[in-house]
Each structure stands twice: as C-alpha cells, then as structure tokens.
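*Asks:* Okay, predicted coordinates and the sequence, questions at the end:
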Amino acid sequence: MIRKAVLPVAGFGTRCLPASKAIPKEMITVVDRPVIQYVVEEAVAAGIRDIVLITSASKSAIENHFDTHAELEASLEAKGKHALLESIRHIVPADVNVISVRQGEPLGLGHAVLCARPVIGDDEPFAVLLPDVLVDNAGSKTTGANDLGGMLAAFERTKAAQLMVEEVEWQHVERYGIVAPEGDAPAPGHAASLAGMVEKPARDAAPSNLAVIGRYALPGEIFSLLAETPPGAGDEIQLTDAIERLRTRHSVQAYRMQGVTYDCGQPLGYLEATLALGRRHPSLGEAFNALLSRYHQGD
Ligand code: G1P
C-alpha cells in the first residue's frame with residue numbers, strides 16, 4: 001500500500017495576494033483550520049503515514065502548524081482548556097510523520113516532486129497531493145468514500161500510475177493538465193487507461209474536458225524520468241511531461257473522482273469552500289446557516 005505522500009507547498013501563491021504576503025497561502029483559513037490541514041487529513045484518511053512537505057524559506061508556518069507548541073500547550077493545560085488543547089495536540093495522529101524538504105529554486109511542479117527523491121527513493125510508489133485543491137467527498141454516491149483512498153486502491157490493484165480527474169467546463173481546460181482516455185471516459189469511482197495527456201492545452205487542442213485535479217499515485221520510477229525532463233509549459237519542469245514519458249513504458253490511468261473540488265489557489269475557491277464546509281460544520285454550521293439566510297433575506 002502507498003504510505004507516503006508528497007505535498008508541494010513552496011510556491012509564492014501570487015493568486016492569493018495580499019492575503020498570502022506574510023503567511024503561506026496554504027495557511028489561509030477555511031472555516032476553522034488552514035487549508036493545508038484539510039489536505040493532510042484527506043491523506044491520513046486514505047492511509048498515508050509519511051507526509052513529505054516540499055517547502056521554501058517563507059513557509060515555516062506550515063511546519064510549525066504540524067509541530068508541537070509546548071508553550072501554548074502548557075498554557076492551555078494550566079487554564080484547564082482541555083478541548084482547545086486536544087484540538088492542537090492531535091492535528092495529525094501520533095503515527096503520522098511530517099517531514100519537510102526545501103525546494104531551493106522555484107523550477108516547477110516536476111522539480112518540486114523530484115526534491116522528495118532522497119526521502120522516498122526510486123523503489124517505492126507514493127502519492128502527490130497539490131494543496132491548492134480541496135477534495136470534498138460529502139456528496140459522493142458511495143457513503144464514506146474518500147476518492148484518494150479509492151485511487152490508491154486502484155493503484156494497488158493495477159500497479160498503473162493513477163491521476164485523479166474531474167470534468168471541467170470546456171472554457172477552463174487551459175488551466176489544467178487534460179487527459180485523453182484510451183476508450184470511453186471512466187465512470188465516477190473508476191479508472192481507465194490513458195492514450196495521453198497534455199499540460200494546459202488551448203480549448204481546440206484539448207483531447208477531452210477531463211482535468212487532472214492534483215492527486216496522483218506514482219511509481220518511484222517517476223523520479224529518474226523527472227531528473228531527465230527539460231523545462232516545458234511556462235518554462236517549468238512539468239510533472240505532466242514526466243508522466244507522459246512514463247506512459248510510453250507502462251500503463252497510466254485516470255481515476256474519475258466522485259466528489260467535488262474547491263480551488264483554494266484563488267480567493268473565490270476559498271469562499272466556496274468556506275460556504276460548503278461552514279454550512280455543515282458540527283459546531284458552527286447551525287449558526288452559520290442562520291447567518292446565511294439573514295443575508296439572503298437582505299438581498
Ligand atoms: C498543476 C498541474 C496541472 C493540474 C493542476 C491542478 O498546475 O501541472 O496538470 O491540472 O495543477 O490544480 P498548476 O495549477 O500548478 O499550474
């Protein structure tokens with residue numbers, strides 16, 4: 001089973017400025033926790049035990065968030081604030097390791113993933129989760145489904161690299177890696193082999209409207225391919241290009257997700273995630289719904 005996941009968090013987050021000027025964009029709050037915490041929780045729920053953060057100099061707040069804060073814990077303990085103490089003590093379960101590796105230069109997503117090579121090695125498969133994207137499985141047809149868990153199980157069964165995809169509007173295909181299924185597009189919750197994929201194609205060059213949403217299951221072999229990948233789209237070393245080369249040797253599949261995504265790499269995505277998750281938050285949801293209807297009546 002895949003137990004390690006790489007989370008690239010080194011980027012500047014320019015689409016979130018000014019919010020992300022002095023804090024990492026991954027630390028912006030959605031309801032009651034930073035967006036990175038949702039992504040780590042998703043990984044942990046899918047069985048991941050080693051989280052490898054690919055960071056840069058301005059991202060220490062992310063490492064601190066997953067570390068012990070002894071002074072704060074002692075203060076909460078002394079004041080008898082046990083519920084708050086629990087909320088900061090168990091951000092990740094005790095058997096989960098959070099490891100960080102610096103990406104010295106911003107050379108692209110492919111380069112960021114390559115930075116995890118010394119930690120993961122060339123013989124072990126691993127997952128990649130892009131923390132800009134929140135995956136929400138609440139509305140999935142299969143109760144309790146976690147798309148990442150489903151995709152990792154598909155990897156386990158087939159040993160083919162897996163890319164999670166969802167249908168996007170045709171006018172947005174140029175924002176994503178777009179896949180070309182070999183035959184029919186897979187049904188939600190299923191995987192199908194790919195005939196190819198292309199990074200951020202123009203609308204009329206896109207082979208489908210199935211977009212890669214930032215969840216991957218990859219064999220360790222991808223590292224040697226990344227090491228040889230020249231800069232591509234945007235003059236960056238693209239993970240998509242290395243996966244395309246992998247596909248010439250082994251089957252690569254698209255796993256069609258059942259849930260929905262929120263693009264927390266930009267402000268409207270944060271707002272949507274806040275609305276969706278706030279409405280069903282266990283302690284804040286009821287009051288938040290009352291607030292929403294008050295604002296709605298005021299229209
Ligand atoms: C990256 C990937 C792209 C994928 C996207 C999902 O692009 O390169 O294939 O569709 O994430 O968010 P980025 O958004 O980093 O430009």
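*Replies:* Right, received. Where do you want to start? Residues are numbered from 1 along each chain as shown.
*Asks:* least trustworthy helix or strand in the chain by mean pLDDT?
*Replies:* Scoring the helices and strands of the chain by mean pLDDT, DSSP states H and E places helix 82-89 at the bottom, with a mean of 89.
*Asks:* For stretch 32-39, list every residue counted as buried.
*Replies:* Buried positions in stretch 32-39, judged by neighbour count with 16 or more other Cβ atoms under 10 Å: 33-39. Bear in mind the C-beta positions are built from the backbone N, C-alpha and C, glycine included.
*Asks:* Kindly report the residues of the stretch 151-299 of the chain close to the ligand.
*Replies:* 176-177, 199, 211-214, 239-240 (Cβ under 6 Å from any ligand atom).
*Asks:* same thing but 5 Å
*Replies:* Residues of the stretch 151-299 of the chain lying near the ligand by Cβ under 5 Å from any ligand atom: 176-177, 212, 214.
*Asks:* Next up, phi/psi of the closest residue to the ligand within the stretch 151-299 of the chain, please.
*Replies:* Distances between the stretch 151-299 of the chain and the ligand by Cβ to the nearest ligand atom are smallest at Gly177, namely 2.5 Å. Note on Gly177: backbone dihedrals following degrees, to the nearest 10 are phi -80, psi 130.
*Asks:* which residues of the stretch 151-299 of the chain fall in strands?
*Replies:* 161-167, 177-181, 191-199, 210-218, 252-256, 260-263 (DSSP state E, counting those that start in this stretch).
*Asks:* Present the buried residues of stretch 32-39 as CSV; the columns should include distance to the ligand, secondary structure and pLDDT.
*Replies:* Shown next, in CSV, are the buried residues of stretch 32-39 (distance: Cβ to the nearest ligand atom, whole Å; DSSP: H, G, I helix; E, B strand; the rest coil; pLDDT from 0 to 100):
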residue, distance to the ligand, secondary structure, pLDDT
Arg33, 21, strand, 95
Pro34, 18, strand, 96
Val35, 13, helix, 96
Ile36, 15, helix, 97
Gln37, 19, helix, 97
Tyr38, 15, helix, 97
Val39, 12, helix, 97
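*Asks:* buried subset of the residues of the stretch 151-299 of the chain next to the ligand?
*Replies:* Among those, those buried by neighbour count (16+ other Cβ under 10 Å) are 176-177, 212, 214.
*Asks:* Now render those residues as JSON lines, adding pLDDT.
*Replies:* Formatted as JSON lines, those follow (pLDDT from 0 to 100):
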{"residue": "Tyr176", "pLDDT": "92"}
{"residue": "Gly177", "pLDDT": "92"}
{"residue": "Val212", "pLDDT": "97"}
{"residue": "Gly214", "pLDDT": "97"}
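*Asks:* quick revisit: excluding covalently adjacent residues, which one is nearest to the residue of the stretch 151-299 of the chain closest to the ligand?
*Replies:* Once flanking residues are discounted, Gly177 sits nearest to Val212: 3.8 Å by Cβ to Cβ, 6 or more residues apart in numbering.
*Asks:* what's the one you found in contact with, if anything?
*Replies:* Residues counted as contacts of Val212 (Cβ atoms under 8 Å, 6 or more residues apart in numbering) are 163-165, 176-179, 197, 240, 254.
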